[in-house]
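S.K.: Provide a 3D model corresponding to the input given below.
(one chain, ligands or ions: 1)
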Amino acid sequence: MPPLLVVAGALVNRAGLVLMHRRPPGKHLEGLWEFPGGKVEIGETPPAALARELTEELGVSICDSAFQPCGFAHEMRDFSPPQPPRGIVLLLYSCRIWTGIPAPLEGGELGWFAIRQIESLELAPLDRVLLGQLRAGFGG
Ligand SMILES: Nc1nc2c([nH]c(=O)n2[C@@H]2O[C@H](COP(=O)(O)OP(=O)(O)OP(=O)(O)O)[C@@H](O)[C@H]2O)c(=O)[nH]1
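M.R.: Here you go, the predicted structure:
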């Protein structure tokens with residue numbers, strides 16, 4: 001079974017704040033904060049998948065070329081038997097150009113945060129790894 005490929009976006013506004021999404025109740029990792037995004041579907045490039053996910057999840061429009069790769073993280077995830085464990089790979093892109101005002105169209109909560117504030121949020125595990133890479137890209 002190939003790993004599950006997931007894409008996530010760090011949307012950075014003019015004030016340098018980053019948009020974070022809090023996963024809604026009833027989902028895996030409920031209540032934890034993440035960079036918004038979702039799963040890459042068969043035949044999609046990662047930037048195209050991210051543009052689609054951010055439109056569905058936030059209602060914003062973004063051109064694929066506006067995404068800059070900025071990090072990745074991976075782990076093995078356990079599922080309930082008889083499903084075998086499966087790898088998950090999360091790719092992070094940053095983006096400063098979009099149209100529309102982000103809204104939590106699929107539930108959960110949104111917030112704009114300075115990088116140092118994101119440190120103190122309760123983050124999903126892979127998003128914690130990605131945050132370190134994003135911060136390094138911002139100059140620490
Ligand atoms: N952001 C994030 N996602 C993770 C982590 N670990 C992990 O297994 N995932 C999984 O990666 C997938 C992210 O895709 P998604 O955001 O479209 O998933 P979802 O739960 O909203 O929708 P779904 O109902 O289609 O599963 C989810 O299955 C989520 O559970 C993690 O550390 N961070």
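S.K.: pretty sure residue 135 is in a strand, no?
M.R.: No: looking at residue 135 with DSSP: H, G, I helix; E, B strand; the rest coil, it is helix, so not inside a strand.
S.K.: Surely it touches residue 115?
M.R.: Yes: contact criterion C-beta atoms under 8 Å: residue 135 and residue 115 qualify, at 5.3 Å. Where you see a C-beta, it was placed from the backbone N, CA and C, and this is true even at glycine.
S.K.: So which of those two has more stuff around it?
M.R.: Taking other C-beta atoms under 10 Å, residue 135 and residue 115 do not tie; residue 115 has more neighbours (18 against 15).
S.K.: Show the contacting residues for that one.
M.R.: Contacts for residue 115 (C-beta atoms under 8 Å, 6 or more residues apart in numbering) come out as 18, 131, 134-135, 138.
S.K.: so what's the backbone phi/psi at it?
M.R.: phi -50, psi -40 (degrees, to the nearest 10).
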